[in-house]
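Undergrad: Could you look at this predicted model? Sequence included:
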Amino acid sequence: MARTKTGGRFKRLPKGPNGGIQLMLIQSVDQLGNQGDVVEVKRGFAMNYLLPQGLATIATDHHSRMIEKHRNRLAELQQEKLGKLKDMATAISLQSITIEASANDEGTLYGSVGATEIIAALKQNDINLNADQIRLDGPLRDLGLYTVKVHVYQEIDTELKVWVVPQSDDEAG
């Protein structure tokens, strides 16, 4: 049962015409909708992600009026957020990170370099991203220079230069 706790008692979440949960987005969500949109999502997505993250609320007339009343302020906040994200995208595009990996004499890695290693390298430069923001065609399996696509936010994408080099232990030994 889709319920949410409000003031000590449980209130049912409204069902949409297709059987999902109908919510109003407090913030824009990639591939779902923009702030103020009423969307229908699966129960698990609503209960496990949208509601706990504060990205959506129950679609009521009161919330619609509140969104409409504060739409200008929300638009300003959204523009400010977009500006910061564009600055972050620019900072990422200026980055060139180096990841050391074990490789054989032909330059083939014993393992591979994936989004996790790229995120860890960016974190050392004070740039925090999620694994789903790194868009790899597949794991990097050879030494060399790669251009990796990074999806920062909705329509904000950039590229990052990733150098995969042999571990210095192997060169010294």
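TA: Structure received.
Undergrad: Poorly predicted segments of this structure, please.
TA: Within the chain, the segments meeting pLDDT under 70 span 1-11, 169-173.
Undergrad: and the spatially closest residue to residue 24 that is not a sequence neighbour, what are its phi and psi?
TA: Nearest residue to residue 24 in three dimensions, chain neighbours excluded: residue 59, at 4.2 Å (Cβ to Cβ, 6 or more residues apart in numbering). (Each C-beta comes from the backbone N, C-alpha and C, glycine too.) Geometry field for residue 59 lists phi and psi as phi -80, psi 100, criterion degrees, to the nearest 10.
Undergrad: Longest helix in this protein, please.
TA: helix 71-93 (DSSP state H).
Undergrad: okay, that one in PDB with CA atoms only?
TA: Extracted as PDB, the C-alpha positions of helix 71-93 are listed here (Å, rounded to 0.1, in the frame of the first residue of the first chain):
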ATOM      1  CA  ARG A  71       7.400  30.200  -9.500                       C
ATOM      2  CA  ASN A  72       9.500  33.300 -10.100                       C
ATOM      3  CA  ARG A  73      11.700  32.600  -7.000                       C
ATOM      4  CA  LEU A  74      12.000  29.000  -8.100                       C
ATOM      5  CA  ALA A  75      13.000  30.100 -11.600                       C
ATOM      6  CA  GLU A  76      15.700  32.300 -10.100                       C
ATOM      7  CA  LEU A  77      17.000  29.400  -8.000                       C
ATOM      8  CA  GLN A  78      16.900  27.100 -11.000                       C
ATOM      9  CA  GLN A  79      18.900  29.600 -13.000                       C
ATOM     10  CA  GLU A  80      21.400  30.000 -10.200                       C
ATOM     11  CA  LYS A  81      21.700  26.200 -10.000                       C
ATOM     12  CA  LEU A  82      22.200  25.900 -13.800                       C
ATOM     13  CA  GLY A  83      24.900  28.600 -13.600                       C
ATOM     14  CA  LYS A  84      26.800  26.600 -11.000                       C
ATOM     15  CA  LEU A  85      26.400  23.400 -12.900                       C
ATOM     16  CA  LYS A  86      27.700  25.000 -16.100                       C
ATOM     17  CA  ASP A  87      30.700  26.400 -14.200                       C
ATOM     18  CA  MET A  88      31.200  22.800 -12.900                       C
ATOM     19  CA  ALA A  89      31.000  21.500 -16.500                       C
ATOM     20  CA  THR A  90      33.600  24.000 -17.600                       C
ATOM     21  CA  ALA A  91      35.900  23.000 -14.700                       C
ATOM     22  CA  ILE A  92      35.500  19.400 -15.600                       C
ATOM     23  CA  SER A  93      36.300  20.100 -19.300                       C
END
